[in-house]
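Novice: what's the 3D shape of this:
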Amino acid sequence: MRRSALRAHAFERILLIKPSSVGDVIHTVPVLAKLRTRYPAARIDWVLRPAIAELIVHHPDVSHVVRLGRRDGGSAAGDLIRLLWTIRRTRYDLVIDLQGLLLSAALGVASGAPVRIGFDRPRTARGGAAARLPRSAYRRGWTGAREGSWLAYTHRIAVPTLDVHAVDRYLWLRPLLGLDDGPADFRIPLPAAADAHLNALVRQHGLANAPLAVLAPATTWETKQWQASGFAEVARHLTHTGHAVVLAGSAEEQARCRAVAENCPGVTDLSGQTTLTELAALLRRAAICVTNDSGAMHLAVALGTPVVSVFGPTDPLWIGPYGNDQQVVRANLPCAPCYLRTLRRCTHSHACMTEVTPAMVVERVEKTLGAPRIGLLRRVDGGL
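Specialist: Residues are numbered from 1 along each chain as shown. As a prediction, the model looks like this:
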């Protein structure tokens, strides 16, 4: 199909591929909303990792969530075969692959869809003044579709620049399909059970009467984690200013939260006790969230909850708090962002994070708490 015909075509069965991570999925929600506006009667399915599916499965704009990953007791090969069969038999007429990897491209080809859209091949940063970041950032960060995945697309999204937030990058899809150019809509409706469980936890720990401050000190990359002692000092400040401080994280992040709690008596450690939707319910009622570059940060931003985030090895322009770079605290060193994931590869003693002091974060917390609360998304039907 010619590019000129895409805008007018009435697609009926659409598959969106962006399986992870939490932040990437949240960044893709505005694409889902615009697809539903453009194709109100279409079946719109989304391929997601099971651990993240609960965040989207209740969204009114998605028809079905297609889970990518192993089921309990199943084999990886068997689950992949079932997934491919499910995708093939649905007979999608449009696949949008925003993941841009070999596996996601293979899913698109397996669907048999006549139209498959994804990003173009990696773009190299221009030298001289046009290179805004260290070379390592462009070498290790996102620069376009990878692993040859662009070869599987019938239509490619051009990459005119690398210096744009992921949300706006995904929305480069708009002119191809004739999607509206209105503001990004980050709605993520919550199930009633998430609110009910969160309310029970709040009552159980006696947190109902004080403003909540949520600290999420862990993240998937070692290099993105600010020191636990710094979070503890910020927690002590928030406690002294009348906030009930809550530590949040997954079961895998409990050790990190425990390290903060041990240095700040009086905080409530809820790590490992909330699902993703329950974490969203917690963040929705919080006065502020303090974190690193993490899924919790992106959830807070989508909810309109004030957030302060410590950045080091990643670029806040690319993946920071969408619409508000004033919520970022960083040391601004020439070696950062480097996009290294593990500490053993860092030759600068993790200076991009260790040189961020608790005083710097507390100052930003106070400024953020004094600013008006601005939501990025619409509140509908009791959802986010």
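
Novice: ranges for the strands of this protein?
Specialist: 13-17, 43-48, 64-67, 94-97, 115-119, 155-157, 212-216, 244-247, 268-269, 288-292, 307-310, 328-329 (DSSP state E).

Novice: want to throw the ones you listed into a markdown table with mean pLDDT?
Specialist: Output for these, formatted as a markdown table (pLDDT from 0 to 100):
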| stretch | mean pLDDT |
| --- | --- |
| strand 13-17 | 98 |
| strand 43-48 | 98 |
| strand 64-67 | 96 |
| strand 94-97 | 98 |
| strand 115-119 | 98 |
| strand 155-157 | 97 |
| strand 212-216 | 98 |
| strand 244-247 | 97 |
| strand 268-269 | 96 |
| strand 288-292 | 98 |
| strand 307-310 | 98 |
| strand 328-329 | 97 |
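
Novice: Mean neighbour count and distance to Ala76 added to these, as a markdown table?
Specialist: For the C-beta atoms, the positions are set from N, CA and C on the backbone; glycine is no exception. Shown next, in a markdown table, are the strands of the chain (neighbours: other Cβ atoms under 10 Å; distance: least, Cβ to Cβ, whole Å):
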| stretch | mean neighbour count | distance to Ala76 |
| --- | --- | --- |
| strand 13-17 | 23 | 18 |
| strand 43-48 | 23 | 16 |
| strand 64-67 | 18 | 13 |
| strand 94-97 | 29 | 21 |
| strand 115-119 | 23 | 24 |
| strand 155-157 | 20 | 30 |
| strand 212-216 | 26 | 30 |
| strand 244-247 | 25 | 34 |
| strand 268-269 | 19 | 34 |
| strand 288-292 | 27 | 31 |
| strand 307-310 | 28 | 35 |
| strand 328-329 | 20 | 38 |
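
Novice: ok, and the closest non-adjacent residue to Leu207?
Specialist: Among residues not flanking Leu207 along the chain, Ala244 sits closest, at 4.7 Å (Cβ to Cβ, 6 or more residues apart in numbering).

Novice: cool, and Ile44?
Specialist: Ile44 sits nearest to Ile14 (Cβ to Cβ, 6+ apart), 4.7 Å away.

Novice: residue contacts, that neighbour?
Specialist: Leu35, Tyr39, Ala42, Arg43, Ile44, Asp45, Tyr92, Asp93, Leu94, Val95, Ile96 (Cβ atoms under 8 Å, 6 or more residues apart in numbering).

Novice: Test my guess that the fifth one contacts Arg38.
Specialist: No - taking Cβ atoms under 8 Å as the definition, Ile44 is not a contact partner of Arg38, at 10.0 Å.

Novice: Of all the strands of the chain, which one is nearest Gly148?
Specialist: strand 115-119 (11.3 Å; Cβ to Cβ).

Novice: what comes into contact with that closest one?
Specialist: Strand 115-119 is contacted by residues 1, 6, 9, 11, 93-98, 100, 104-105, 108-109, 144-145, 149-150, 152-157, 159, 173, 176-177 when judged by Cβ under 8 Å, 6+ apart.

Novice: swap in stretch 234-249?
Specialist: By Cβ under 8 Å, 6+ apart, stretch 234-249 touches 207, 210-218, 256-257, 260-261, 264, 266-272, 274, 279, 282-283, 286-288, 290, 296, 358, 361-362, 365.

Novice: If we use 7 Å, what do you get?
Specialist: Stretch 234-249 has contacts (Cβ atoms under 7 Å, 6 or more residues apart in numbering) with 207, 210-218, 256-257, 260-261, 264, 266-271, 274, 279, 282, 287, 290, 296, 358, 361-362, 365.

Novice: among those, which ones are buried?
Specialist: By neighbour count, with 16 or more other Cβ atoms under 10 Å, the contacts of stretch 234-249 hold 207, 212-218, 256-257, 260-261, 264, 267-271, 274, 279, 282, 287, 290, 296, 358, 361-362, 365 as buried.

Novice: what's the domain layout of the protein?
Specialist: Residue ranges for the domains of the chain, per automatic domain parsing: 9-177, 193-368.

Novice: Deepest in the core, which of the ones you listed is it.
Specialist: Comparing those by mean neighbour count (mean count of other Cβ atoms under 10 Å), domain 193-368 comes out on top with a mean of 20.

Novice: Do me a favour and average the pLDDT over the longest helix seen in the chain.
Specialist: The longest helix of the chain (DSSP state H) is helix 22-38. Helix 22-38 carries an average pLDDT of 97.

Novice: For it, name the packing helices and strands.
Specialist: Under the contact definition 3 or more Cβ pairs under 7 Å, 6 or more residues apart in numbering; DSSP states H and E, helix 22-38 sits against strand 43-48, helix 166-170, helix 295-303.

Novice: In JSON lines: these, plus distance to Val310.
Specialist: As requested, those are exported to JSON lines (distance: least, Cβ to Cβ, whole Å):
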{"stretch": "strand 43-48", "distance to Val310": "28"}
{"stretch": "helix 166-170", "distance to Val310": "19"}
{"stretch": "helix 295-303", "distance to Val310": "10"}
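
Novice: pLDDT-wise, which helix or strand of the chain ranks last?
Specialist: helix 3-6 (a mean of 86; mean pLDDT, DSSP states H and E).

Novice: any chance of the contacts of Ile14 in a markdown table, with distance to Gln326 too?
Specialist: Formatted as a markdown table, those follow (distance: Cβ to Cβ, whole Å):
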| residue | distance to Gln326 |
| --- | --- |
| Leu35 | 31 |
| Tyr39 | 36 |
| Ala42 | 38 |
| Arg43 | 41 |
| Ile44 | 35 |
| Asp45 | 37 |
| Tyr92 | 41 |
| Asp93 | 43 |
| Leu94 | 38 |
| Val95 | 38 |
| Ile96 | 32 |
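
Novice: Nearest to Leu190 among the residues you listed?
Specialist: Ile44 (20.0 Å).

Novice: need the contact list for the nearest residue to Arg91 once chain neighbours are set aside.
Specialist: Excluding the flanking residues, the one nearest Arg91 by Cβ to Cβ, 6+ apart is Arg13, at 6.2 Å. Residues in contact with Arg13 (Cβ under 7 Å, 6+ apart) are Ala42, Arg43, Thr90, Arg91, Tyr92, Asp93.

Novice: Done for today, thanks.
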